[in-house]
Structure formats: structure tokens, C-alpha cells
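S.K.: Build me a structure from this.
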Amino acid sequence: MDLKPNCNSPVLTDQIPVNKPTLGMSSSLTPYSPPSATFPSGLYLTIPRRKPLSGKLDEAHTCGWLDAMKSSSPPCKRLVKDKSFDSILEEDGSNASYCTWLSKYPSALTSFEQITNYAKGKQIALFLDYDGTLSPIVDNPDRAFMSSAMRTAVKNVAKHFPTAIISGRSRDKVYGFVGLSELYYAGSHGMDIVGPVRGSDWVINHPNSIRSTNEQGKEVSLFQPASEFLPMIDEVFRSLIKNTRDIKGAKVENNKFCVSVHYRLVDEKSWPVIAQRVTNILDNYPRLRLTYGRKVLEIRPIIEWDKGKAVEFLLESLELNDRDDVLPIYVGDDRTDEDAFKVLREGNKGYGILVSSVPKETKAHYSLRDPFEVLQFLKSLVRFKKSEMVMHQSINICSSMSILNDK
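M.R.: Now for the predicted structure:
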């Protein structure tokens, strides 16, 4: 299914902190996953509590994350108003490196016919990130509203394809932004999923899966593989609020099963302070890990669960897993979406589409430049489905007429 030419091109890669053991994961330790009622197969690592770092080691500990913060935070671009999209978009002119990168990760719009040719006769299952994909990246994360045009497009897509939003935000917060009951929602990077009450026995009878009722009174399945971490996450959230309140522009967001520390509005001179305080707090929680995204540090439980696992779980719940007549498509813009891209590429299951206006190393198959192009892609999917339905209706009418004529 990998249809892209394999050519080299300059890319911007996300720098991974070289001192990974500072996250509470020593390279000399082997994973240990004790069975429990909550995690019968063992889904996390038990790691000894570490002694606090000091001096040069402590400085290196912080500098590793400071480098990561800088690498994931490109300089701001000039913003322009796009009347057809009703939101702010980043203006980014074409350049040689981006054009070269496009030869490896072609636009999903210009390659749309190629995608739909493969999709013919298949059930498309659509998975979408939220921030930077359905809504523009904004300074204040509480103002990351999707446009009315995008909401309409997502609603129309959900009429024709099983559609889920998988976000690092809390599930309730994403639902508040989107407000569409036709979708499935997975918050906290897939650690809080609402899906249909069906699928395999593993999905239905899993100890972390319970039946619940949504806002419309419909019975749904609620899956929360990190439920035992809730008290710990709340404790870390309170500590981070207390320890960052004096840093102008810092915002700490409780996303239920993870905590996000936004530094988009923080002066870059204060980034080392944020990195130091976050890592200092995390030193006391070896069962939590620190990851980063676009101007955000995120604290998450150390369990074998991510957006890729969430995609597999939802496909299983929808009874669409391991079928040749299903084409999953995942659209996202951040590092955390790479887990989903990896699942689709390595399993040869479907297509990943990266939303980016700059070259990046990725496991995706295709690319889109920004949320405006995502909007156009969603509209194109709806048009494709409608044309396919019209064609099937015409075939059925012709078949019926042929049978009548034979009689």
C-alpha cells in the first residue's frame, strides 16, 4: 500500500532528548508488569524511585528537554485571514526543501484520485486529531475553536464513514469543542475512549471497559486503561499549577489522564525554568513520563497505550479490524499522531496523513498543509462517497431493468 517514491529529502526532525533515563526509565532496567485486576496482562513499568539529580547532571537533565522544546517550536510565521475558511492560517511560501519533501509525502488533495481508487469497494474509517488538524494552533488552548465550515464538513463525513476524534485533550473538552454526537471520541491520547457496545469479547469484557450512557441516552462502551492513575495525575496537576503560577504565560491543563504544560505564550528566556520545574516534579513520579508536542510538555502514565493503540481498539470495537474491505485513514499534525501513522503503515492497513507546512520525518503516507486543506479533503471524501452511491444506484436500476426485460 506504500505508494510513495522513496527519495531522500531534507527534513526537520523532532529531536529526542538524549538522556532518556531522566524520565524514570533506566536503560539497564527490564520491563516488569505485575498482573492486577486493572492490568491483567501488565500494561506499565514498575521502576524504582530515583534520587534527585543535582549539579551538572541536573543541568543536563533540563537542557535535554530544553533542546526538545526548541526543536518542536519553530519560529512564528506571519498570519493571514482566509475568508473561505473563517479562521487564521499560517502563510508559508513554497521552497525547494518542502517541494522535495512533497515528492515523498504527496498532498492528499493532489493524490486524491489515487487514494479513492484504492478505497473503491472498501469501508473507509476516518480518524482525526483535533488541535492543528480540525482547528488552527492558537496561543490560548482554550480558544482552539473549529470553524463552522469545518464542523459541517466533519458532520457530513460522519454520515458516510465511521469517524472518531483522537486527541491529547480530555474527552469532555474535545466534545465541547466539536459538539457532534455522530462521532466517537478518544481523549488523553486514547486513554479515554467512548465507542460502540460491540466488537470482540476482549473489547466487551475487558476489565477497563464499562458500559455507560451518553448525552443522547444511547448505550456506549467507555474504555479507560489508565484509570488507576487518576489520583496521581490530579496530584501532579495541582503541583504544576502551584510551581508555574509565577511564570508569565504558562498554562497548565488537566486532560484527565495526562497533564499538559503550555508554553506558547511564555518568553523563551523562561523556557529553562519551565523545563526545570516540570522535570523536578516528575522526579517524584517514576510511573509517569514526559513527552512533548508543539509548544507543550505533557505528563502521561507509563503504560503501553497511545493513539495507535486507540485506533486498533476502535477498529476492533467497530468490528472493522483485520478486514480486507476496510480502509482506515488517520489525519493528524503532531508527534503523538506518529503512533497511529506507524500502526497503519507497518500493518499495511490504511493511510496516514500528516498536516504540516514544513518538512518533517514521518510515518505518514500523504500530507496536507494546514486545517484549510484538511477541510477540502473532508469535503472531497463526501463528494467521492456520494458519487459512489449514485453509481451503485445506477447499476442497480440497470440490473432491475435488465431482469424485467428478460421476463
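
S.K.: okay, now the domains of this protein?
M.R.: 106-225+305-392, 229-301 (the TED database).

S.K.: what about the shortest one, average pLDDT?
M.R.: Mean pLDDT, taken over the full extent of domain 229-301, equals 95.

S.K.: okay, and for the stretch 51-200 of the chain, where does confidence drop off?
M.R.: 51-68, 70-94, 199-200 (pLDDT under 70).

S.K.: Show me the helices in it, by range?
M.R.: Along the stretch 51-200 of the chain, counting by DSSP state H, counting those that start in this stretch, helices occupy 55-71, 96-104, 112-119, 148-160, 171-178.

S.K.: again with the stretch 301-407 of the chain
M.R.: With DSSP H, counting those that start in this stretch as the criterion, the stretch 301-407 of the chain has helices spanning 307-317, 338-346, 371-406.

S.K.: Please identify the most buried of the helices of the stretch 51-200 of the chain.
M.R.: Of all those, helix 171-178 carries the top mean neighbour count, a mean of 19, counting by mean count of other CB atoms under 10 Å. No exception for glycine: its C-beta is placed from N, CA and C like everyone else's.

S.K.: what residues does it touch?
M.R.: By CB atoms under 8 Å, 6 or more residues apart in numbering, the residues outside helix 171-178 that reach it are 130, 134-135, 144-146, 151, 154, 165, 167, 169, 185-188, 192-194, 255-256.

S.K.: Swap in 6 Å and give it another go.
M.R.: Y130, I165, S167, Y185, G187, D192 (CB atoms under 6 Å, 6 or more residues apart in numbering).

S.K.: contacting residues for the third one?
M.R.: What it means is S167. Here S167 is in contact with Y130, V174, G187 (CB under 6 Å, 6+ apart).

S.K.: go on, the first one?
M.R.: Taking CB under 6 Å, 6+ apart as the definition of contact, the neighbours of Y130 are I165, S167, V174.

S.K.: confidence score at the closest residue to V343 other than its chain neighbours?
M.R.: Leaving out its chain neighbours, the residue that sits closest to V343 by CB to CB, 6 or more residues apart in numbering is G308, at 3.8 Å. In this model, G308 is scored at 96, pLDDT.

S.K.: next one: T362
M.R.: 97.

S.K.: Phi, psi for it please.
M.R.: Here is the backbone geometry of T362 (degrees, to the nearest 10): phi -150, psi 160.

S.K.: how many other residues sit next to it?
M.R.: By other CB atoms under 10 Å, 25 other residues sit near T362.

S.K.: now K269
M.R.: When neighbours are counted by other CB under 10 Å, K269 comes out with 7.

S.K.: Regarding it, what are the backbone dihedral angles?
M.R.: Per degrees, to the nearest 10, the backbone of K269 is at phi -60, psi -20.

S.K.: and it, what does it touch?
M.R.: No contacts exist for K269 under CB under 6 Å, 6+ apart.

S.K.: Kindly report the same for K242.
M.R.: So K242 contacts nothing (CB under 6 Å, 6+ apart).

S.K.: With V374 instead?
M.R.: Contacts of V374 by CB under 6 Å, 6+ apart are T133, L368.

S.K.: Could you report the neighbour count for F384?
M.R.: When neighbours are counted by other CB under 10 Å, F384 comes out with 18.
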